[in-house]
Each structure stands twice: as structure tokens, then as C-alpha cells.
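[1] Next come a sequence and a model predicted from it.
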Amino acid sequence: MEKLMNYVDGVYCPPINEQYFDNINPATGEVYCLIPDSDDNDLALAVTAAEKAFPIWSNMPAEERSKILVRFSEGIEKRMEQFVAAESKDNGKPITLARHVDIPRAVSNFHFFASAIIHFSSESHYMEGVGINYTTRKPIGIVACISPWNLPLYLFSWKIAPALAAGNCVIAKPSEITPYTATMLGEIATEAGLPPGVLNILNGTGAKIGDAMVRHPKISAISFTGGTATGEHIARTAAPMFKKLSLELGGKNPTIIFDDCDFDDALKTTIRSSFANQGQICLCGSRIFVQKGIYEKFKEAFVAKVSSSKVSFPEDPKANLGAIVSESHLTKILTYIDLAKKEGGKVLTGGNRVFLPAPHDKGFYLEPTIFESLPYDCKTNQEEIFGPVVTIMPFETEEEVLMMANSTKYGLASSVWTTNVKKAHRMADQLNMGIVWVNAWLIRDLRTPFGGMKASGVGREGGLEALRFFTEPKNIFIKVD
Ligand code: NAD
């Protein structure tokens, strides 16, 4: 059985304790490789390597770092199909999604930050007759990047690319549920000419190696994407050490569809925003509010389309939905489906586990599920399910839908459908979310601030926000007279 390795000081190495745990293919339910169960000793090696590399990397001109990151991007692009197959197998997502979204986006992330760092500038503030302030932004030192399983390489690269571009040495941990493509990056790093120790990739559980990273005194900043409860734990651990924190957490995003929308576009996009990646994207809309005038028409068309979606194994080019990432996550989603029924929800379609023929008969498949008749403030409508389960609710006025949309503890993203530009502005202004799409979903410009309000996170990623997070500003004042 293949054993994954860690990547430390420029070489692949096994965990010091020689302990591993299973990596399960969600499409078949079978173990297909073993994952290092790394601990503090592996982290100590990574920290030593990163400390040694920091002066070399942080003093390297930005243009040189940029060239290496371009080679990173090209290295992934050259092995596109290898990465696509690995991502789809590790996560259970349709291969078409990995090919069109996940891996191309990882390529873009490296390319974008390779370019961004050579356009990055700091500020200067002139005080007439008094003096001049100028601000420098230097790399922080050793930073930790911890990522989730839903968009494995996409989100891993979204963190490590700006961290590296800004001149930091990185210790990164992919999710233990989907570590494969992140581990493949070691080879790309070596080929791109990244000096040893600049990027270290440690595999293992959140409770062991993740927690060790958060506690390590020589790691000065943590960029984390994952669940809100984990984010809270990390914040509690890191705060007394005054570490810089970027937390991208959960969501319970509303999709708001007005009577005056472009019906066909709203319908087509809402199917994607509800069920892409089996609903396991932090930006998926799981609460669909439809204005009364088109409620019945929308509901009927939505249910008809969704119930004919194909749930299939990831390699099936016709699969609309692939496998849920793990058995425990499937169980969690099924528990929420039971809860929704207990809360009085009516299943319009779906609700059941799907059993495909062998060799996928033990895979973790679930029908896309739509609930109706649930109040906006019940648990099903307030808690993050993170699966292919949505609720649909009618509304009458802007005020009413705003109140319902803003009622959860989360504030990540939203999607508003209307052809009235004034209404679009009014809604966008009053939605307490970090991201509002009008007549669209998941259109991403990598320069824009990315992240959420309230329990959806602290700080923003993307563009200059990411480069600012991964640098330490220093203001210097010089008297002129
Ligand atoms: P998770 O919180 O269980 O795990 C995320 C990462 O944190 C993993 O690498 C895990 O090993 C690590 N981890 C777990 N406990 C840790 C600890 N005590 N210390 C340090 N690291 C620890 O989340 P998940 O189940 O992998 O991902 C799903 C969640 O991520 C959902 O809530 C989803 O909304 C959220 N998410 C948010 C965004 C965003 O940009 N806001 C993007 C994607 C996913």
C-alpha cells in the first residue's frame, strides 16, 4: 500500500514515529493509501529547516521569488491530469469539477501571487513642513497554513502562494481527509527551485500535528480555513501568544430570488450554487428564499431539474454529483436530514443515501435534497450542514427576506437575483456577508477581499489583503526641517 510522506527541508521523508492511518477513497469506501500521523518531532525538524531557510528566502529579491512561483504554477499545469485524477480520487468530487475548477484554480493561485508580489507596494504619508512617514512591509518569519478537505489543492495553494510570495517560510498541513495533492506539491517545489526548508508539508490529524503547529512558539502567524468550532479552538490557543490569525470559517449562505429576476439564469445557477461539489463549498447557498410571485413556478422547475441530477462515481463524465468526502460526514448530513424532518420539513426530492453498483457499492453517495415548509429560524436553517441539502422558503418583502437572510450566526456569502439595479444595491448594502453576488455565484476575481463576517471568520484573504496579512508593517518617520 502506498505510504504518503512529509516534505521537510526539500526532501520527502516518513514521519519520525513511523505511524500512519488510513486514507479512504470516498467513491469506493476502500483504503487506498496511508497517511503519516506526524507529531511534535516532525514539526521540530520543519521549524529548524524553516529557520535556516528564512534569511535566504526573505532576502531574495521579489522578482526572483516571483519566478520560482511562476515555475510552481507551470509545474502543476504540466501535470494537470495527474493532479485532476488524484484530487477526484481523494475527495470523491466529479473528475470534471477537478479538471475545470480545482486544479486550474491552484495553477492561477500561484500565478496570481507570483505577479502580485512584484506589484505590491507600501505606503508613504507626507506631513507638510513636518516630515514624512514611510511604511515597510517585511515577511513575518515562519507561518502555518492549515486547510480543509472540500477544495483541497485550491485552498491549500490559496494560502501558501501569498505566504511564500511575501517571503515567509511555510509549514503547511492539508486536511487529513484529502492530503494527496498537497503532498504532490513537494515534487513541484523542488523542481521549481524553491530553496529547501522554505515550504514544509506535514501530514497528520488536526488534534495532533495541527494543534502542535498552533502552539509552536516559533510560528508567528496562522492562516486557517475550516470549521467555526475549530477556528474558535485555534483562536483560543493562539491568542495568548499574540499570533497573527486569519480565520476562514463556516457559512449558511442565503440565495435570494426576486420575482423580477432572469428566471432561467437564476434557476440554472441556483442548481450549481446548491449542489456543486455535493454542496461542500463554503460558498454554496443552502437557504433559498424565493419571492411569492414566482415561488411555485421556481419550486416546480428547481425540483424537476434537481431530481434528474445524476449521482455517480467521480470518473463518470456525466456525474452531476460525486461522493460525499467521508462516511462520518455522510452520517452527519443524514442526521441533519432526520432533524429537518423532525422539525416539520417536507422532502421535495432526495433525502436518501445512494448505493451504486460494485465497485462503488460501499461509496458515500447521497441524493441532492430539497426541503420545504421549514421556518427560517429552525436548527436546519441556522446550522451549517455542508452537504447537498437545501431548504426553499417563500418571502414577500425586501425587509422580511433581509431579516431572515441575516438571522444566522454566519456571514460568509450570498447571492441575490433581481433585474432592478436599485434593489440590488439596497440588498447588497444590508446583507451582513463578506461576499454578495448579484445575478451570479462563485465568480471570483483573485484581487478582491475574500472572507466572512460574524462566525464566518476573522480577516480577509485574496489580493493585497493576503499580502498584508503575511507581512509585518513598520512605519518610519523622518523629520524634514
Ligand atoms: P475542520 O475544521 O475539521 O478542519 C480544517 C483543518 O483544520 C484540517 O486540516 C484539520 O486537520 C485542521 N484542524 C482540526 N483541528 C485542529 C486543531 N485543533 N488545531 C489545528 N488544526 C486543526 O474543517 P473541515 O471539516 O476540514 O472543513 C469544512 C469546514 O470548512 C466547513 O465548516 C466549511 O464551511 C469550512 N470552509 C470555510 C471556507 C472559507 O473560506 N470560509 C472554505 C472552505 C471550507
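    In hand now; what should we look at? Numbers count the residues shown, from 1 in each chain.

[2] And T48, how close does it get to the ligand?
    Remark: distance between T48 and the ligand (Cβ to the nearest ligand atom, to the nearest Å) = 21 Å. To be clear about C-beta, it is placed using only N, CA and C from the backbone, and glycine gets the same treatment.

[3] meant to ask about D361
    As it turns out, when the distance is counted by Cβ to the nearest ligand atom, D361 lies 25 Å from the ligand.

[4] ok, for that residue, nearest residue in space, not its chain neighbours?
    F355 (5.9 Å; Cβ to Cβ, 6 or more residues apart in numbering).

[5] Count the neighbours of that neighbour for me.
    When neighbours are defined as other Cβ atoms under 10 Å, F355 has 11 of them.

[6] Y365 is in contact with that one, correct?
    Yes: judged on Cβ atoms under 8 Å, F355 makes contact with Y365 at a distance of 7.3 Å.

[7] Phi first, then psi, for V11.
    phi -140, psi 150 (degrees, to the nearest 10).

[8] for the nearest residue to it once chain neighbours are set aside, phi and psi?
    Nearest in space to V11, with sequence neighbours left out and distances taken as Cβ to Cβ, 6+ apart, is P196 at 7.3 Å. Listed backbone geometry of P196 is phi -60, psi 140, with angles given as degrees, to the nearest 10.

[9] What lies in contact with the helix or strand containing Y12?
    Using DSSP states H and E, Y12 falls within strand 11-13. Outside of strand 11-13, the residues that reach it under the criterion Cβ atoms under 8 Å, 6 or more residues apart in numbering are M5, N6, Y7, G186, P196.

[10] Following element in sequence after it, please.
    strand 20-25.

[11] Any part of that next one near the ligand?
    No: if you take Cβ under 6 Å from any ligand atom as the test, strand 20-25 misses the ligand, and the best it gets is 12.1 Å.

[12] Whichever helix or strand comes after that strand: how far from the chain's middle?
    If you walk from strand 20-25 toward the C-terminus, the next helix or strand you reach (DSSP H and E) is strand 30-36. Relative to its chain's centre, strand 30-36 lies at 23 Å (Cα atoms, centre = their mean, to the nearest Å).

[13] what do you get for stretch 96-104?
    Here the centre of mass of C-alpha atoms in stretch 96-104, compared against the chain's by Cα atoms, centre = their mean, lies 14 Å away.

[14] Identify each buried residue in it, please.
    By neighbour count on 16 or more other Cβ atoms under 10 Å, the buried set for stretch 96-104 is T96, L97, A98, R99, V101, D102, I103, P104.

[15] how close does the residue nearest to D361 sit to G279?
    Remark: distance between F355 and G279 (Cβ to Cβ, to the nearest Å) = 19 Å.

[16] ditto for R215
    Using Cβ to Cβ, one gets 33 Å for the distance from R215 to G279.

[17] So which of the two has more stuff around it?
    More crowded of R215 and G279, by other Cβ under 10 Å: G279, with 24 against 15.

[18] what about the residue lying closest to the more buried one once chain neighbours are set aside, neighbour count?
    What sits nearest to G279 in space, not counting adjacent residues and going by Cβ to Cβ, 6+ apart, is P388, at 4.0 Å. Applying the criterion other Cβ under 10 Å, we find 28 residues in the vicinity of P388.

[19] Averaged pLDDT, stretch 224-243. What do you get?
    Along stretch 224-243, the predicted local confidence has a mean pLDDT of 97.

[20] Do that stretch and the ligand come into contact?
    Yes: part of stretch 224-243 sits close enough to the ligand to count as contact by Cβ under 6 Å from any ligand atom, namely T225, G226, G227, T230, H233, I234.

[21] now that stretch, how far from the centre of its chain.
    On the basis of Cα atoms, centre = their mean, the separation between the geometric centre of stretch 224-243 and that of its chain is 16 Å.

[22] Contacts only, for the spatially most central residue of the chain.
    The central residue of the chain, meaning the one whose C-alpha is nearest the mean C-alpha position (Cα atoms, centre = their mean), is L155 at 4.7 Å. Residues near L155 by Cβ under 8 Å, 6+ apart: S147, P148, T225.

[23] If you rank the residues you listed by neighbours, which is first?
    Each of the contacts of L155 was scored by neighbour count (other Cβ under 10 Å); the top score is that of S147, with 27 neighbours.

[24] any idea how far A53 is from that one?
    With Cβ to Cβ as the criterion, S147 and A53 are 21 Å apart.

[25] Could you check how many residues crowd around the residue of the stretch 151-300 of the chain found nearest the ligand?
    In the stretch 151-300 of the chain, the residue that lies nearest the ligand is G206 (2.1 Å; Cβ to the nearest ligand atom). Applying other Cβ under 10 Å, we find 20 other residues in the vicinity of G206.

[26] number of nearby residues for the residue lying closest to it once chain neighbours are set aside?
    Counting by Cβ to Cβ, 6+ apart, the nearest residue to G206 once its immediate chain neighbours are dropped is T230, at 6.6 Å. The number of residues packed near T230 is 20, by other Cβ under 10 Å.

[27] Next, T230: secondary structure please.
    helix (DSSP: H, G, I helix; E, B strand; the rest coil).

[28] I'd assumed F224 was in contact with it.
    Yes: if you go by Cβ under 8 Å, T230 and F224 touch, sitting 7.5 Å apart.
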